[in-house]
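Undergrad: quick one, fold the following:
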Amino acid sequence: MSYQLTIEPLGQTVEVAEGQTILDACLRAGIWLPHACGHGLCGTCKVQASGGELEHGEASPFALMDFERDEGKCLACTATVQTDITIEADIDPDPDAQCLPLMDYQARVARIETLTPTIKGVFLEIEHEHGDAALRFQPGQYVNLWLAGEAAPRAFSIASAPSSREVELNIRLVPGGKVTSYVHDGLKVGEQVMLSGPLGRFFVRKSDPRPLLFIAGGSGLSSPRSMVLDLLESGDTRPIRLIQGARTLDELYYRAEFEQLAARHPNFEYLPVLSGEPQDSAWAGERGYVHELAVRHFGQDFRGWRAYLCGPPPMIEASIAALMQGRLFEKDIFTEKFLSAADAGQAVRSPLFRSL
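TA: Predicted coordinates:
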């Protein structure tokens, strides 16, 4: 059995299968709704429903309060419909967003490379069961990956450019993490895995001609790397800066690749910085944190740029503060935040910002 779901203000109608969440139905139809945790905990996907009946599922009472349920609101990531229904969502049209429907894929692990002591590069070959089954995505987006027999998938940013034959994921070992421990100690070449994608709203606004600043820390380099590779491959000539932060030199991965790109592309500048490298090491480059290097490099004046940030939450928060003190404001700063079920329950969004 299925039902008709109408999404306002788009005026589009999609089919929802019994038991399918509103969010899943929309994403698989290529319609993006604001969302973050996917677990009914953060409230980012809250929409107004009317003209039908629904089940709220596992929506947290803190993310969806009783009076909001009485007003007809629901969380799209947990709500399932029981009749035809209409929702009204807070959707901002974006001319740079491609309507790429969420799809499921089977893939084979083609290669596994050790990028740093704590980060593995996992290269996946998508199996072409349906003819044109290549995973289409915008650089900066991510996939959900099922591993280690876990019922819930894990989200990983795509580190490769869309032109690559393989889908590359850079996976950092999380102490005590079942899935990342399996990737580092148990995953084998040739293993079959399932993934779904693309997901996320983190992509370069190519229609805006302003220069681009990317700030990345740790395995948060994945999305900026995909973006930079795609921009340079496409012949983009605007100024592009990449600030990559790591704690120590052995955690600074893909450094040689970016230095080669900088040598070939005059508009691209690569700025690595280390925060915890021993003072007596051979490292002669920048020291400190990414936001500190950004301030030094730009003279604390970021006017006229657009910034894309990806990394640990403290890095993102410090970078946002530095950028805003340097006169770059919310509408010109883009971030990607992954929230686990545990993280989402503790997540706090600043009341000052609508999208950050």
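
Undergrad: if residue 172 is in a bridge, with which residues?
TA: residue 119 (DSSP bridges).

Undergrad: for it, give me its contacts.
TA: Each residue near residue 172 by CB atoms under 8 Å, 6 or more residues apart in numbering is listed here: 118-119, 180, 218-219. For every residue, glycine as well, the C-beta is placed using N, CA and C.

Undergrad: quick one: which of those is most hemmed in?
TA: Tallying neighbours with other CB atoms under 10 Å puts residue 219 at the head of these, with 26 neighbours.

Undergrad: which parts of the protein are helices?
TA: For the chain, the helices defined by DSSP state H cover 22-28, 66-70, 178-185, 222-233, 255-264, 290-298, 313-325, 341-346.

Undergrad: tell me what the fourth one is packed against?
TA: Counting contacts by 3 or more CB pairs under 8 Å, 6 or more residues apart in numbering; DSSP states H and E, helix 222-233 is packed against strand 154-157, strand 212-217, strand 240-246, helix 255-264, strand 306-310.

Undergrad: the same query, at a cut-off of 7 Å, please.
TA: strand 212-217, strand 240-246, strand 306-310 (3 or more CB pairs under 7 Å, 6 or more residues apart in numbering; DSSP states H and E).

Undergrad: between the helices of the chain, which one is closest to residue 203.
TA: helix 222-233 (7.5 Å; CB to CB).

Undergrad: what comes up buried for that closest one?
TA: 222-232 (16 or more other CB atoms under 10 Å).

Undergrad: same question for stretch 106-125.
TA: Using 16+ other CB under 10 Å as the test for burial, stretch 106-125 gives 107, 109, 112, 115-116, 118-124.

Undergrad: which of the residues you listed sits closest to residue 203?
TA: Once CB to CB is applied, the member of the buried residues of stretch 106-125 that ends up nearest residue 203 is residue 124, at 20.3 Å.

Undergrad: correct me, but residue 59 touches residue 78?
TA: Yes - here residue 59 reaches residue 78: they are 4.7 Å apart, a contact under CB atoms under 7 Å.

Undergrad: which neighbours do the two have in common?
TA: residue 40 (CB atoms under 7 Å, 6 or more residues apart in numbering).

Undergrad: quick revisit: ok, the buried residues of stretch 106-125 vs residue 324, which is closest?
TA: Closest to residue 324, out of all of these and judged by CB to CB, is residue 119, at 29.7 Å.

Undergrad: could you pull up the residues touching the closest one?
TA: 170-172, 219, 253.

Undergrad: just give me the least confident of those residues.
TA: Minimum pLDDT across the contacts of residue 119 is recorded for residue 219, with 86.

Undergrad: residue 26 versus the spatially closest residue to that residue that is not a sequence neighbour, what's the distance?
TA: In this structure, residue 219 finds its nearest non-sequential neighbour in residue 172, 4.0 Å apart by CB to CB, 6 or more residues apart in numbering. For residue 172, the distance to residue 26 equals 30 Å [CB to CB, to the nearest Å].

Undergrad: okay, residue 340: pLDDT?
TA: pLDDT for residue 340: 46.

Undergrad: my error: substitute residue 240 in the last question.
TA: On the pLDDT scale, residue 240 gets 98.

Undergrad: now do the contacts for it.
TA: If you count contacts by CB under 7 Å, 6+ apart, then residue 240 has 211-212, 228, 231, 267-268 around it.

Undergrad: what's the answer for residue 148, then?
TA: Counting by CB under 7 Å, 6+ apart, residue 148 has contacts 178-179, 182.

Undergrad: still on that earlier bit, which one among the contacts of residue 172 gets closest to residue 9?
TA: Out of the contacts of residue 172, the member with the shortest distance to residue 9 (by CB to CB) is residue 219, at 37.0 Å.

Undergrad: looks like the closest one contacts residue 170 (just checking).
TA: Yes - applying CB under 7 Å as the test, residue 219 and residue 170 come out as touching, 5.0 Å apart.

Undergrad: adding distance to residue 66, write the helices and strands packed on helix 222-233 out as CSV.
TA: As requested, the helices and strands packed on helix 222-233 are exported to CSV (distance: least, CB to CB, whole Å):
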stretch, distance to residue 66
strand 212-217, 40
strand 240-246, 44
strand 306-310, 36
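
Undergrad: please identify the deepest-packed of those strands.
TA: strand 212-217 (a mean of 26; mean count of other CB atoms under 10 Å).

Undergrad: just want the angle from it to strand 306-310.
TA: 20 degrees (axes from the mean of the first three to the mean of the last three CA atoms, to 10 degrees).

Undergrad: relative to strand 212-217, what are the paired strands and their orientations?
TA: Partners of strand 212-217 in its sheet, by DSSP bridges: strand 240-246 (parallel), strand 306-310 (parallel).
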